[in-house]
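K.L.:
For reference, the sequence and a predicted model appear below.
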Amino acid sequence: MGSTVLHKEAEFRHVYHWMTKKVLTISKKENLLHAAKKMARYNVSCLVVEEYNKPVGIITERDYIKKVVVEEKEPHKFLVEDVMTLAVRSLPEDADVISAFALLKKYHFRRFPVINRKGELSGILTHGDILKAMNQIIQHLDWKLVRTKIAFSEFEKHLKETDVV
């Protein structure tokens, strides 16, 4: 029983449990105007660029502003591949969400595409997803701590009643 509980708690920390499973994607051959309209229509801050269901890049609102708006490019004349971030780092579905948070901080990222064992895109993990995970993990640990304190208190009371202490 104990190992089953520990196994379930470990799975609870997997990125797969917390990631956003519906990921908006785009081809690197789409024009930038289409990318911007898609982000606006779905109210998202990024699109994962994929080929054959595998992430090959990411385009964010920040990329768009820096590389299109500020440079005064005409978005319908340029492709996603012209401005997307190529150095995309992905996480496997079974990555630990606490470690994922550390990587976000280390690399100053705001999101990670998540891949399955075949390297195919299966979701995206964002700052918001990690905050939800951290909140739930903290609540769970707090609950376990309270439960342990109650059990210890009851055990201590039992010992006093039996004159062991």
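P.N.:
Noted; the coordinates are in hand. Residues are numbered from 1 along each chain as shown.

K.L.:
make it CA atoms for all contacts and neighbour counts henceforth
P.N.:
Fine.

K.L.:
mind showing which ranges of this protein have poor pLDDT?
P.N.:
Screening the chain residue by residue with the criterion pLDDT under 70, one finds the ranges 1-8, 10, 164-165.

K.L.:
longest helix in the chain, by residue count?
P.N.:
As assigned by DSSP state H, the longest helix anywhere in the chain is helix 127-161.

K.L.:
can you give me how far it is from the chain middle?
P.N.:
With C-alpha atoms, centre = their mean, to the nearest Å as the basis, helix 127-161 stands 25 Å off its chain's centre.

K.L.:
do stretch 43-55 as well
P.N.:
Remark: stretch 43-55 is offset 14 Å from the chain centroid, using C-alpha atoms, centre = their mean.

K.L.:
quick one, phi psi at the spatially most central residue of the chain?
P.N.:
Note on the chain: the residue nearest the mean C-alpha position is Leu125, at 1.7 Å, using C-alpha atoms, centre = their mean. According to degrees, to the nearest 10, the main-chain angles of Leu125 amount to phi -110, psi 120.

K.L.:
With adjacent residues omitted, what lies nearest to it?
P.N.:
Using C-alpha to C-alpha, 6 or more residues apart in numbering and skipping the chain neighbours, the partner closest in space to Leu125 is Met19 (4.6 Å).

K.L.:
Unless I'm misreading it, the one you found sits right up against Leu121, doesn't it?
P.N.:
No. Counting by C-alpha atoms under 8 Å, Met19 stays clear of Leu121, with 11.6 Å between them.

K.L.:
what do those two both touch?
P.N.:
Common contacts of Met19 and Leu121, defined by C-alpha atoms under 8 Å, 6 or more residues apart in numbering, comprise Val114.

K.L.:
Which parts of this protein are strands?
P.N.:
For the chain, the strands defined by DSSP state E occupy 25-26, 46-51, 54-60, 91-92, 111-115, 121-126.

K.L.:
a markdown table for these, including distance to Leu141?
P.N.:
Formatted as a markdown table, the entries for these read as follows, by distance: least, C-alpha to C-alpha, whole Å:
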| stretch | distance to Leu141 |
| --- | --- |
| strand 25-26 | 36 |
| strand 46-51 | 33 |
| strand 54-60 | 34 |
| strand 91-92 | 25 |
| strand 111-115 | 25 |
| strand 121-126 | 22 |
